[in-house]
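> Predicted coordinates and the sequence they were generated for:
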Amino acid sequence: MPYVNIRIAGTLSREQKAKIAEEITDTLERIALKPKSYTYISFDELPEENWAIAGKLLDEA
């Protein structure tokens, strides 16, 4: 059973999450031959102050 966890800085709309989930599920079915009903996807949306790149918090950019 595939489990995909997506961690992202900021937020996604419901529509964006639905499209991402659909495309990832379709990809796993097509390439890994996993039935859609086996695929679980979760989204972790984190404030930009909780992410840093090159020593800078994203909310500082």
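Ah, there it is.

> When you work out contacts or count neighbours from here on, use the C-alpha atoms and nothing else.
Noted.

> ranges for the helices of this structure?
14-32 (DSSP state H).

> low pLDDT regions in it?
Residues of the chain meeting the criterion pLDDT under 70: 61.

> Can you tell me, leaving aside adjacent residues, what's nearest to N50?
Sequence neighbours aside, L57 is the residue nearest to N50 in space, at 7.1 Å (criterion: CA to CA, 6 or more residues apart in numbering).

> which residues does that neighbour bridge with?
A52 (DSSP bridges).

> What is the burial count for it?
Residue crowding around L57 was assessed by other CA atoms under 10 Å; the count is 13.

> Quick check: it touching E48?
Yes. In this structure, L57 is within contact of E48 by CA atoms under 8 Å, at 7.0 Å.

> For the residue nearest to N50, give me its contacts.
By CA atoms under 8 Å, 6 or more residues apart in numbering, L57 lies in contact with E48, E49, N50, W51.

> Excluding chain neighbours, give the residue nearest to L58 in space.
Leaving aside its chain neighbours, L58 sits nearest to E48 (5.1 Å; criterion: CA to CA, 6+ apart).

> Check L12 too.
Sequence neighbours aside, E45 is the residue nearest to L12 in space, at 7.7 Å (criterion: CA to CA, 6+ apart).
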